[in-house]
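Novice: no sequence for this one, just the structure:
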């Protein structure tokens, strides 16, 4: 997402872009991803509104559901986002989303080179060396190699992701299976962002490809047995992990395929500088600010990065004495606090959604009852944070900050 | 506070005001109270800036201190509030504050009648019957009789305050005692809003009357033994309740007087309507929206109420066809959501400040380390909530909402 998005945005402001993809073909994992208004706004700017709308599901609300009953005890409206924030809240299948970005990149004249595994970076020369031995050079290396980034080290940051105590399973259920069960049909017929919240566990569910598929992310405590970050798992393992949950959950989990995936959820501490001292290389997306998925903002931050980087690189101008170092410094300053805030918010939200029984759990139920309001400890239902998160217009902010930083200088010309 | 403030504000817009005080003399309990910028702004408008500044302490910051070490592991800046919000953050001794309001009310021509115990309300006739048998009548009864309000019932609301599981002790230490101890002197020499936070317990401390006195509010779990809401207690009881805390706390609590007060902390559920159906009576302040003290906003909300009610009553006009019912409906609509949000915020903040050891406690330490930021689960260090809370200008909002509600009608005239 970050790579293709940045390619599109940077090409969009007139620069030549070559994307090196390590996989033999461009592609994405077969799971869901959320596209909140702060990301949808940029996709619309890139002319992709109709294509996205055609493959997206549009959730009515977030339903906060009890693990004990399966019933929603509170909700946050999402269907009003288009009116409230000028862009919709979409939920999509990653491969569909990826295809749209890929086609747009091709149409825009971005050069795509799959099967290019980077063996080393040479930032001062704007060069990467591929495993084939080939050296690829440019004015700037934009690296988007994910949470376990090698590029992050190459720009001089030693920050490492760490385990969080959480693991998740991913699975997809065909919508028609849910529609056939009266107890589950409404999950598809009234598409929403479903959250079943229990002690130390939660399940996220939403539709993708209209009502064709239902995506599930099921988070449980990490038993530390898995080696590495990802492993195959069985439906039975999932059902055991959620034993004792409501009938609704049991019915839902009875429908997941027997082969599911287990992922260790890792988190990245704040990275202060995303730019190599030579100013010939920058890291973006998860490589710079991977986040837990508990605000559903990881992919959206990558899209914001892309637009922000496009903006910054559009400002390079001999006449205005703005060079690449100035543009990159601006980009990093514009993005850093917001990215760190989303990282922190995702991680602190974990404590809100994983509460055990007790007074705090009862407090949470009362918060859900009250609905969205300013200062709610439910970050996703905190109307101040919603405005900050979803109402953000990265290009508008970039323009404002640019004027603040460079306005006086330009006015002198 | 609510009564005198409302008297001042309503007199200030030209109405005749008589205040009936049940106590034989006007006065206040000998403890501290906080005057954040959202309240200070109104006091400044009432011309009381110099008088308040003369008796206030001005805290540099909120210090979030560990119960284990006494050391601050994080802080929120308060000294920048004047610049950031256009009004300072003051901490004062209640009797001083009360005297300033009382003198201002007298100077403004508010009639004051101490020793008037209300025996019953007759809202449809705008009348109250005193214990003496006297009936006092007016166009409007504004009742500010506190959390255990009788007036709230008289306007038709059956909401009752409930216990919260928390009790507190109050005490005042002379500043010079603290200054004489090298480990405690900085509490006075660098005046701040001190919070020592421990599992299920916390201590709030701040200076009043410049560096003359240090106010302490010490919150502990309610052992349910006390009958009623208030009882005398001993310094030894306090010290036992905080046994095992840091040396700093032990030294501090060694200085409290032997006779302290114990108060049961009660909370009021949201009250939806503060106006009697006859539109001849309204409840304000704690009677309408008493809150736990965990955002230090109870008294400030009363001052906001006062200004808002003054504004609303200033709009009554035959020419503009605005009558008392319209003014009161406007007042209640303007105030309700904000008051409820402060009530909820104070109560949910309790869980943040009372965390026990464990992953959530460590999360809190990391949040303190990060400082103030948007969406922080520390409501007092959440920059979005700070702006919402402290940056609020009740008269500006009143004017805006009035234009929204009545602008079109007025434009037709």
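Specialist: Here it is on my side, so go on. Bear in mind that the values here come from a model prediction, so they are computed numbers and not experimental data. Numbering: from 1, shown residues only, chains lettered A, B, ... in the order given.

Novice: Strand partners (parallel or antiparallel) of the longest strand anywhere in chain A?
Specialist: The longest strand of chain A (DSSP state E) is strand A:162-174. According to DSSP bridges, strand A:162-174 has the following sheet partners: strand A:213-221 (antiparallel), strand A:259-267 (antiparallel).

Novice: Pick the most buried one from those strands.
Specialist: Per residue and on average, the most neighbours among those fall to strand A:213-221, with a mean of 22 (mean count of other C-beta atoms under 10 Å in any protein chain shown). Backbone N, C-alpha and C define where each C-beta goes, glycine included.

Novice: And for it, what's in contact with it?
Specialist: Strand A:213-221 is contacted from outside by A:31-32, A:91, A:93, A:165-175, A:178, A:187-188, A:200-208, A:238, A:241-242, A:252-253, A:256, A:265, A:293, using C-beta atoms under 8 Å, 6 or more residues apart in numbering or on different chains.

Novice: try 6 Å
Specialist: A:32, A:166-173, A:175, A:178, A:200-208, A:238, A:241 (C-beta atoms under 6 Å, 6 or more residues apart in numbering or on different chains).

Novice: Which helix or strand lies directly C-terminal to that strand?
Specialist: Counting by DSSP states H and E, the next helix or strand C-terminal to strand A:213-221 is strand A:230-234.

Novice: what's around residue A:371, how many residues?
Specialist: For residue A:371, the count of nearby residues is 14 (other C-beta atoms under 10 Å in any protein chain shown).

Novice: for the record, mean pLDDT for the one helix or strand residue A:186 maps to?
Specialist: Using DSSP H and E, the element containing residue A:186 is helix A:185-189. Across helix A:185-189, pLDDT averages out at 98.

Novice: Name the residues of that helix that come out as buried.
Specialist: Neighbour-count burial for helix A:185-189 flags A:187-188 (criterion: 16 or more other C-beta atoms under 10 Å in any protein chain shown).

Novice: now what about that helix, what contacts it?
Specialist: With C-beta under 6 Å, 6+ apart as the criterion, helix A:185-189 contacts A:175, A:178-179, A:211.

Novice: Need the max-distance pair from those residues.
Specialist: With C-beta to C-beta as the measure, no two of these lie farther apart than A:178 and A:211, at 8.7 Å.

Novice: so where's chain A uncertain?
Specialist: Flagging of chain A using pLDDT under 70 yields the residue ranges A:408-413.

Novice: need the residues of it near chain B, please.
Specialist: Residues of chain A found near chain B (C-beta under 6 Å from any C-beta of the partner chain) are A:341, A:345, A:348, A:351, A:360, A:363, A:373-375, A:377, A:379, A:384-385, A:388.

Novice: so where do the helices sit in the stretch 201-350 of chain A?
Specialist: A:235-241, A:247-254, A:286-289, A:298-314, A:324-353 (DSSP state H, counting those that start in this stretch).

Novice: okay if I get these as TSV plus mean neighbour count?
Specialist: Formatted as TSV, the helices of the stretch 201-350 of chain A follow (neighbours: other C-beta atoms under 10 Å in any protein chain shown):
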stretch	mean neighbour count
helix A:235-241	16
helix A:247-254	18
helix A:286-289	27
helix A:298-314	26
helix A:324-353	21
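
Novice: could those be laid out in JSON lines, adding distance to residue A:22?
Specialist: Formatted as JSON lines, the helices of the stretch 201-350 of chain A follow (distance: least, C-beta to C-beta, whole Å):
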{"stretch": "helix A:235-241", "distance to residue A:22": "30"}
{"stretch": "helix A:247-254", "distance to residue A:22": "34"}
{"stretch": "helix A:286-289", "distance to residue A:22": "13"}
{"stretch": "helix A:298-314", "distance to residue A:22": "17"}
{"stretch": "helix A:324-353", "distance to residue A:22": "24"}
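
Novice: residue contacts, the residue of the stretch 101-250 of chain A found nearest chain B?
Specialist: Proximity to chain B, evaluated over the stretch 101-250 of chain A using C-beta to the nearest C-beta, is greatest for residue A:165 at 7.3 Å. When contacts are counted by C-beta under 6 Å, 6+ apart, residue A:165 is found next to residue A:222.

Novice: now swap in residue A:116 and tell me
Specialist: A:20, A:130.

Novice: Equivalent analysis for residue A:262, please.
Specialist: Neighbouring residues of residue A:262 by C-beta under 6 Å, 6+ apart: A:169, A:231, A:233.

Novice: doesn't residue A:259 make contact with the last one?
Specialist: No - with contact defined as C-beta atoms under 6 Å, residue A:233 and residue A:259 do not form a contacting pair (7.9 Å).

Novice: Assign a three-state SS to residue A:84, would you?
Specialist: What DSSP: H, G, I helix; E, B strand; the rest coil gives for residue A:84 is helix.

Novice: Relative to chain B, how far out is it?
Specialist: Counting by C-beta to the nearest C-beta, to the nearest Å, the gap from residue A:84 to chain B is 16 Å.

Novice: Next: residue A:362.
Specialist: As for residue A:362, its distance to chain B is 10 Å (criterion: C-beta to the nearest C-beta).

Novice: Checking my notes, that residue in a helix, right?
Specialist: Yes - under three-state DSSP, residue A:362 sits within a helix.

Novice: so how far is the next helix or strand after the longest strand of chain A from its chain's centroid?
Specialist: Downstream of strand A:162-174, the first helix or strand assigned by DSSP H and E is helix A:175-179. Helix A:175-179 has its C-alpha centroid displaced from the chain centroid by 27 Å (C-alpha atoms, centre = their mean, to the nearest Å).

Novice: Can you spell out which helices and strands pack onto helix A:175-179?
Specialist: Using 3 or more C-beta pairs under 6 Å, 6 or more residues apart in numbering or on different chains; DSSP states H and E, the elements in contact with helix A:175-179 are helix A:185-189, strand A:213-221.

Novice: quick one: the first one to chain centroid distance?
Specialist: Once both centres are worked out by C-alpha atoms, centre = their mean, helix A:185-189 turns out to sit 25 Å from its chain's centre.

Novice: after that helix, next one along is what?
Specialist: The helix or strand immediately downstream of helix A:185-189 is strand A:193-198, counting by DSSP H and E.

Novice: so what strands line up beside that following strand?
Specialist: Strand pairing for strand A:193-198, using DSSP bridges, gives strand A:61-66 (parallel), strand A:201-208 (antiparallel).

Novice: Can you measure across stretch A:81-93, start residue to end residue?
Specialist: End-to-end distance for stretch A:81-93, by C-alpha to C-alpha, to the nearest Å: 20 Å.

Novice: residues of that stretch that come out buried?
Specialist: A:81, A:85, A:87-93.

Novice: Those: which two are farthest apart?
Specialist: A:85 and A:93 (23.0 Å).

Novice: Pull the most distant pair out of the residues of chain A next to chain B.
Specialist: A:360 and A:388 (24.7 Å).
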